[in-house]
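>>> A predicted structure for the sequence below; I have some questions about it.
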Number of protein chains: 2
Amino acid sequence: MHNTVKIAIIGYGNVGRGVVKALKRNPDMELVCILSRSPARVKNEPGVTVPVFAEDNLNELKKADVAILCSGSKDDLPVQGPFYAKHINTIDSYDNHSNALPYFKAMDEVAGKAGTVSCVSIGWDPGTFSLQRVLSNALIPGSKIYGFHGIGPDGGISMGHSDAIRRIAGVQDARQYTHAIPGAIESVRSGENPELKSGDMHWRECFVVVKEGADTGAIEREIKNMSGYFAPYKTVVHFVSQEELDAKYSGFHHDGLVIGSGTTGEGNLALIEYRNIWDSNPEATANIMVAHARAAKRLANENRRGAFTIFDIPPAYLSLHSREELISKFL
Amino acid sequence: MHNTVKIAIIGYGNVGRGVVKALKRNPDMELVCILSRSPARVKNEPGVTVPVFAEDNLNELKKADVAILCSGSKDDLPVQGPFYAKHINTIDSYDNHSNALPYFKAMDEVAGKAGTVSCVSIGWDPGTFSLQRVLSNALIPGSKIYGFHGIGPDGGISMGHSDAIRRIAGVQDARQYTHAIPGAIESVRSGENPELKSGDMHWRECFVVVKEGADTGAIEREIKNMSGYFAPYKTVVHFVSQEELDAKYSGFHHDGLVIGSGTTGEGNLALIEYRNIWDSNPEATANIMVAHARAAKRLANENRRGAFTIFDIPPAYLSLHSREELISKFL
């Protein structure tokens, strides 16, 4: 039989709910508890069948092998990541690309000292898309690598960007849809290897609900100038009512495409495309984090310690299957 | 500066020539020698600027860190792989899927005893496509995984299958083109998750030049009944002259597509597509093997030993870049 991986969920929003569902699809996984800022609320949520504790209940937390951190990257993870990595193996989906290296280093230092394993920035972008970028670069040296999100007509929701807007004073709720610019994809697929800046490839559409009396002008400026998240893009902000947001913009569809374009030999075309389509973006992130929880336990069992990105983990460690099964079924 | 990886090439056909070109694109790589069954011929090939030795010249071979085995899977690698793994770290592209596990075990035993690292079945299929199959299975548990090759109208050349035909008595030369069956791809993309057998997804087209006096009927039967390679497929065999083969069928274009299709949560669509387009199939294989030579040296430096598939290697090991560069540029 498989070694059971005992999981704790920290933070119970959309990703946390996705983790509960993902764990049920992995027969070697067992959810042992949820830690939340609002345990009383979470206890009453439908589908919650495990004990729920306050966020500082380390004694209960330590009954798990791995904690899956399901909170936001902007304000929560920079504090929670290093806090929990002192006590337990962690998985997080820290998604601010421009701060990823300092976050990795902070987590590596804490986990290295504590003797725990922390898998950071685990999701699909950063995450599986990052992996494809590294592979394209290594397998087609000199290739140019492009990433697109929100290729369908409705674009795709970005949880990180939605969360970033929600943290602004005066904002009650928000959803951010990323849209790829179709002409940019075409020029890449043609092998032209165009020079494209972030703003040539995507634009961002924000649907924002404000609290009574909030200064919408100031909020719009704060969104558009938010460094890393919105500043480099054409950004359109719509202020809508909570009713309209819930009715029209409640889905979590997202999709994306990585293209590595280059040549082999003396100019033979070489193109690698990686496309993901997810009806539920938070469930996709949850699924990917759950597979990495399996890897984290295995790394910890080997007495590895410190922070790991998706680049550092043998892909077999993500799988339930034995080496023989992997070779027989998948090689 | 980077640690130089010293490379020996064993077997100098299309893949071997591709390795020479691929090494030039990797600034940390240095070709030190070529071992060939016909060293006199290879010495005179254009572009060969390193010493060429006979295949049994182990003293010269051992000046390299890693030997890249560029010979065929059907007859050569089962003998050469275990022979060379006793003496040096190896990379091969053993591509007979149905015999991959016994080959892995044979290599693992030899390399484990010898204290060398052998990366086996390294290419794009098996290889990067296998990796995508494992990832789809781990990240979308319960997903169905489909693989297609030769999606364009001309299909794609399979070196393994061409090589297998060339080994038949009476065959002078051959090219095998694999064709995907378009209706099968459509039904997979629609999310129907159809049940497809090998023969529902592809057919195989062979262009064969025979030696004078050869029995074409017997050759055609031997091709069509070749277990693993042709038996499960609709196979069309054309007998052509060497002139026609060279004029019309000398390119090495190939392409392929892996699709993992499933759901997350309570039925939300989840689709992962991985597509490769290569104008030169042997150069693609060469490029992927060269990146794995870097990984093999690094694994050997860590005193790892035995056989490794692409599943067992942290993707960062394939890259020239440091951990900090990978996080900053690609995460």
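Structure received.
>>> Can you tell me how far residue A:116 is from residue A:65?
Separation of residue A:116 from residue A:65 (Cβ to Cβ, to the nearest Å): 11 Å. Heads up, the C-betas are built off the backbone N, CA and C, glycines and all.
>>> got it, and residue A:230?
Distance from residue A:230 to residue A:65, by Cβ to Cβ: 38 Å.
>>> Then residue A:206?
According to Cβ to Cβ, residue A:206 stands 39 Å off from residue A:65.
>>> which is the next helix or strand following the helix or strand that residue A:30 is a member of?
Using DSSP states H and E, residue A:30 maps to strand A:29-36. Remark: after strand A:29-36, the chain's next helix or strand is helix A:39-43, criterion DSSP H and E.
>>> Tell me the strands beside the following helix or strand past that following helix, with direction?
Using DSSP H and E, the helix or strand that follows helix A:39-43 in sequence is strand A:52-54. Strand A:52-54 has the following strand partners under DSSP bridges: strand A:29-36 (parallel).
>>> Provide the contact partners of the strand holding residue A:30 at residue level.
A:4-12, A:16, A:19-20, A:23, A:42, A:48, A:50-55, A:57, A:60-61, A:63-64, A:67, A:290, A:293-294 (Cβ atoms under 8 Å, 6 or more residues apart in numbering or on different chains).
>>> can you do 7 Å?
The contact list for strand A:29-36 (Cβ atoms under 7 Å, 6 or more residues apart in numbering or on different chains) reads A:4-12, A:20, A:23, A:42, A:48, A:50-55, A:57, A:60-61, A:63-64, A:290.
>>> Let me know the average pLDDT across that strand.
The average pLDDT within strand A:29-36 is 98.
>>> Report the buried residues of that strand.
A:29, A:31, A:32, A:33, A:34, A:35, A:36 (16 or more other Cβ atoms under 10 Å in any protein chain shown).
>>> Reformat those as JSON lines; add distance to residue B:80.
Shown next, in JSON lines, are those (distance: Cβ to Cβ, whole Å):
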{"residue": "A:29", "distance to residue B:80": "43"}
{"residue": "A:31", "distance to residue B:80": "50"}
{"residue": "A:32", "distance to residue B:80": "51"}
{"residue": "A:33", "distance to residue B:80": "54"}
{"residue": "A:34", "distance to residue B:80": "55"}
{"residue": "A:35", "distance to residue B:80": "56"}
{"residue": "A:36", "distance to residue B:80": "59"}
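>>> what sits in contact with each of residue A:116 and residue A:65?
In contact with both residue A:116 and residue A:65: residue A:89, using Cβ under 7 Å, 6+ apart.
>>> Would you state the helices of the stretch 51-200 of chain A in chain order?
For the stretch 51-200 of chain A, the helices defined by DSSP state H, counting those that start in this stretch occupy A:58-61, A:77-85, A:100-114, A:128-139, A:159-166, A:182-189, A:198-201.
>>> Is there proximity between the helix or strand bottoming out on mean pLDDT in chain A and chain B?
One helix or strand of chain A scores below all others by mean pLDDT, DSSP states H and E: strand A:156-157, with a mean of 88. No: applying Cβ under 7 Å from any Cβ of the partner chain, one finds strand A:156-157 separated from chain B by no less than 12.9 Å.
>>> other SSEs contacting that strand?
Packing partners of strand A:156-157 (3 or more Cβ pairs under 7 Å, 6 or more residues apart in numbering or on different chains; DSSP states H and E): strand A:171-180, strand A:254-264.
>>> Please identify the pairing partners of that strand and their relative orientation?
In the sheet, strand A:156-157 lines up with strand A:171-180 (antiparallel) (DSSP bridges).
>>> Which phi and psi values does residue A:214 adopt?
phi -70, psi 150 (degrees, to the nearest 10).
>>> tell me the pLDDT at the nearest residue to it once chain neighbours are set aside?
Excluding its sequence neighbours, the residue lying closest to residue A:214 (Cβ to Cβ, 6 or more residues apart in numbering or on different chains) is residue A:170, at 3.2 Å. Residue A:170 carries a pLDDT score of 97 in this model.
>>> wait, doesn't residue A:170 sit right on residue A:221?
No: taking contacts as Cβ atoms under 7 Å, residue A:170 lies outside contact range of residue A:221: 11.9 Å.
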